[in-house]
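J.: Sequence first, then the predicted structure:
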Amino acid sequence: MRLLLPLLVLLAVMAMLMLRGYVHSEILADYRVRPEAATDKVPQSILEGGPVIDTRDGRTTSLRVPDHRLVLTFDDGPDPTWTPKVLDVLKKYHAHAVFFVTGTMTSQHPGLVRRMVAEGHEVGLHTFDHPDLSYQSKRRIDWELSQSQLALTGAAGIRSSLFRPPYCSFADAMDNASWPVTKYIGTRGYLTVVNDTDSEDWKKPGVGQIVRRATPEGGKGAIVLMHDAGGDRRQTVEALDELLPRLQAEGYRFQNLSEALHVPGANTPVTGANLWQGKAWIFLVRVSDDVTDGLVVGLVVIGVLVLTRFGLMLLLSGAHARRVRREDFRWGPAPVTEPVSVVVPAYNEAACIEKTVRSLMASEHPIEVVVVDDGSGDGTARIVEDLGLPNVRVERQPNAGKSAALNRGLAVARHDLVVMMDGDTVFEPSTVRELVQPFANPEVGAVAGNAKVGNKDSLIGAWQHIEYVMGFNLDRRMYDILRCMPTVPGAVGAFRRSALEGVGGMSDDTLAEDTDITMALQREGWRVVYAEKARAWTEAPQSVRQLWSQRYRWSYGTMQAIWKHRRALVDKGPSGRFGRVGLPLVSLFTVVAPLLAPLIDVFLLYGVVFGPTRKTLVAWLGVLAVQAACAAYAFRLDREKTTHLISLPLQQILYRQLMYVVLLQSWITALTGGRLRWQKLRRTGVVEVPAAVPRQQPGEAGVIGGPSDDDTPVHGGGDLAPAPTRVRPAAEPGVHVRPSSGHVEAGP
């Protein structure tokens, strides 16, 4: 269901767009108009006859309207603005007319057609989307007629035997190109109605001119051509209000065609299956219009959100960089030099755990390393133990999940500042030092580090590299300024022990334990900040399947965290501030905006295929240019090479689509009450600290883990100091120690 439903939603949206495009003459529309042709193949009786042409059953006859009778005809409607005004004037003077409607306008405004019929007017067909039929095949002509009848049936429950071809004129203008069409129309049971008086109201010549041209000479009868759609018809309405009373005073009667010719009505009721087919058509058109209108609103919303996010990121991330890069910037009165515990939860990390631990051994800050083996089956714990590194401990527990592993590490950690990292991540020598410096400010409860993609040489790795630099780290700078950081990344984050104790430690309520704990800390009033120099290199998924699994879990876990902390919206104090600032921003930028973002690509595809192609491509390239500018700024801010941005256009076309489907699948999982299990990604251990970063060797000053005379932790700068002697009790496998009380409970 989670795979099928997104596909069905996409197909339904595209079907609605296609239907709307067809009804609004954006699809299959043909705007060609044939120039005048010779008339030698048109019967002379037709060229010299009246405006009503009957070619049914092989006939070639024509009819004229009797004297002192006028048949007003209105083309191209119904129009929601001008048709009601025309109907009002006709009703005012008790006049009837004939409205030659298009199927597209009838489908969109069925209520106006019902009003026409109810007020005694006749309705004729003017094709579905107004093509010049002389260019069309018989199959297309049949399609135009049948679709028009379908729309008319659905709108008013009738069908019509009157037809007026687009771009028609007088009977004597029938030529060798239009005459075959007129003959074929007759074989389908239609009377072709042209005109013998043209008001030329479409030229907007002025009310007086329209009245003069619509008035027949010498009391003759006439079929008058006018329009109730296709542009501003104000002059037409005003001319009617003058023409009707004047000619009525001269003895003219304004009738529909059947009344004027004294023949049976041209509109007949439809019943049975055909009626319901017509009603179904009108219903689907209305649904497609409503859906498309909603999509357009969504497109506007996503446009505003995207531009707002870009604007905030550029403005606030720049402010953040300027603030923390000032020479006089300090997090507190003195740098943090106290030892730190680094907790590494590990589950089947044999491929990369050695590189992770050895990168920590090069740390420029005094640390102890606690590797919590969460029931690995690949010898992860043994690999660490065989390294024989000082200040590195391994804690084993049955598999209970990442949150339980982090809590186990927290319980046995010796120090008050705790760094947490993933088992597939490597730190630079300065990472831990930079990560804990914000704790010099007593208001800071957690610090988010700068996670980077270590395996960015592949195409999918390069795409994730762009996403990390642009999407994640710019976001964190912005959220730092706004004081509503949504996530301390599991790959590189630091916490104050007292802050974690205050919220009960890491929770397994969600699949995004890092987002969950970050929100919980801020609700308790702790500040969460971003340390840009605390760089960590993590192994990003290298296949589409692994990427899908990871992002599916992230998206679903984020939704769980937002839902879990929803009460913050109505809370007071720090919790309420985060709820009314942080939660809306995270929801809009992380959940709503990505969910609506596919609309950009849907409309792009539609615009490229059905037009306007050039404007669509220009608009898309404009959006891409804005994204490229933001990405270039982000790379410059993070001091990254911009060569990977070459793949940005391809990322927008391919990678983004995958993220859309993942998020949609997460929504469906959440709405259907589904459960998502933690899915372990396969790691290769290819990530290392970049060669450009200087790495101190074990034993050098300021390095923990190298051979030292007394194995005493060495603090930054070479000052020696004993490690704190307070040791928390280690939990036995299968038990959990609450850091706040030391109380031991069974269970993970």
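T.: Cool, the structure landed.

J.: make it CA atoms for all contacts and neighbour counts henceforth
T.: Fine.

J.: Just the endpoints, please. Distance across stretch 362-370?
T.: 16 Å (C-alpha to C-alpha, to the nearest Å).

J.: Next, the buried residues of it.
T.: 362-370 (16 or more other C-alpha atoms under 10 Å).

J.: hey, which strand is longest across this protein?
T.: The residue-count maximum for a strand in the chain (DSSP state E) belongs to strand 527-538.

J.: State the pair within the buried residues of stretch 362-370 that is farthest apart.
T.: Farthest pair in these (C-alpha to C-alpha) is Glu364 and Val370. Separation: 17.4 Å.

J.: so Val344 is in which element?
T.: Using DSSP states H and E, the element containing Val344 is strand 340-346.

J.: In its sheet, which strands sit next to that strand, and in what direction?
T.: strand 367-374 (parallel), strand 417-420 (parallel) (DSSP bridges).

J.: next SSE after it?
T.: helix 353-361.

J.: Flag every buried residue along stretch 82-92.
T.: 82-87, 89-90.

J.: which residue of the chain sits farthest from its center?
T.: Within the chain, the residue lying farthest from the chain centre (C-alpha atoms, centre = their mean) is Gly218, at 64.4 Å.

J.: any chance of the buried residues of stretch 82-92 in JSON lines, plus pLDDT and distance to Asn256?
T.: Output for the buried residues of stretch 82-92, formatted as JSON lines (pLDDT from 0 to 100; distance: C-alpha to C-alpha, whole Å):
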{"residue": "Trp82", "pLDDT": "97", "distance to Asn256": "19"}
{"residue": "Thr83", "pLDDT": "98", "distance to Asn256": "16"}
{"residue": "Pro84", "pLDDT": "98", "distance to Asn256": "18"}
{"residue": "Lys85", "pLDDT": "98", "distance to Asn256": "18"}
{"residue": "Val86", "pLDDT": "98", "distance to Asn256": "15"}
{"residue": "Leu87", "pLDDT": "98", "distance to Asn256": "13"}
{"residue": "Val89", "pLDDT": "98", "distance to Asn256": "15"}
{"residue": "Leu90", "pLDDT": "98", "distance to Asn256": "12"}
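
J.: want to throw those into JSON lines with secondary structure and distance to Tyr22?
T.: Output for those, formatted as JSON lines (DSSP: H, G, I helix; E, B strand; the rest coil; distance: C-alpha to C-alpha, whole Å):
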{"residue": "Trp82", "secondary structure": "helix", "distance to Tyr22": "23"}
{"residue": "Thr83", "secondary structure": "helix", "distance to Tyr22": "22"}
{"residue": "Pro84", "secondary structure": "helix", "distance to Tyr22": "25"}
{"residue": "Lys85", "secondary structure": "helix", "distance to Tyr22": "27"}
{"residue": "Val86", "secondary structure": "helix", "distance to Tyr22": "27"}
{"residue": "Leu87", "secondary structure": "helix", "distance to Tyr22": "27"}
{"residue": "Val89", "secondary structure": "helix", "distance to Tyr22": "32"}
{"residue": "Leu90", "secondary structure": "helix", "distance to Tyr22": "32"}
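
J.: Run through the neighbouring helices and strands of the top helix by length along the chain.
T.: With secondary structure taken from DSSP state H, the chain has its longest helix at helix 272-324. Judged by 3 or more C-alpha pairs under 8 Å, 6 or more residues apart in numbering; DSSP states H and E, the packing partners of helix 272-324 are helix 4-23, helix 103-108, helix 138-156, helix 474-482, helix 593-596, helix 598-610, helix 613-637.

J.: ok and that helix relative to helix 138-156, angle-wise?
T.: 90 degrees (axes from the mean of the first three to the mean of the last three C-alpha atoms, to 10 degrees).

J.: and the angle from helix 272-324 to helix 4-23?
T.: If you take the same axes, to 10 degrees, helix 272-324 sits at 110 degrees to helix 4-23.

J.: who's in contact with the closest residue to Val608 other than its chain neighbours?
T.: Closest residue to Val608 apart from its sequence neighbours, by C-alpha to C-alpha, 6 or more residues apart in numbering: Thr616 at 6.3 Å. Taking C-alpha atoms under 8 Å, 6 or more residues apart in numbering, we find Thr616 in contact with 604, 607-608.

J.: Any figure for the gap between Thr616 and Ser647?
T.: For Thr616, the distance to Ser647 (C-alpha to C-alpha) stands at 21 Å.

J.: quick one: Gly21 and Ile27 touch, right?
T.: Yes: counting by C-alpha atoms under 8 Å, Ile27 is a contact partner of Gly21 at 5.4 Å.

J.: Looking only at neighbour counts, state which of the two leads.
T.: In this view Gly21 and Ile27 are compared by other C-alpha atoms under 10 Å, and Gly21 has more residues nearby, 20 against 17.

J.: From Gln147, how far off is the more buried one?
T.: 15 Å.

J.: Likewise for Thr487?
T.: Between Thr487 and Gln147 the computed distance is 55 Å (C-alpha to C-alpha).

J.: check contacts around Gly189.
T.: 56, 161.

J.: Name the residue in Thr487 and Gln147 with the higher neighbour count.
T.: More neighbours surround Thr487 than the other of Thr487 and Gln147, with 24 against 21 (other C-alpha under 10 Å).

J.: Quick check: of the contacts of Thr616, which lies closest to Val71?
T.: Scanning these for proximity to Val71, where the rule is C-alpha to C-alpha, the winner is Gly607, at 41.7 Å.

J.: okay, that closest one: pLDDT?
T.: According to the prediction, Gly607 has pLDDT 82.

J.: Can I take it that Tyr445 is in a strand?
T.: You called it Tyr, but residue 445 is Gly. Yes: assigned with DSSP: H, G, I helix; E, B strand; the rest coil, Gly445 falls within a strand.

J.: My understanding was that it contacts Phe495; is that so?
T.: Yes: the pair Gly445 and Phe495 passes the contact test of C-alpha under 8 Å, sitting 5.9 Å apart.

J.: related to what we said a few turns ago, figure out which of the strands paired with strand 340-346 is closest to Lys204.
T.: strand 417-420 (75.5 Å).

J.: what comes into contact with that closest one?
T.: Against strand 417-420 from outside (C-alpha under 8 Å, 6+ apart): 339-344, 406, 410, 432, 436, 490-497.
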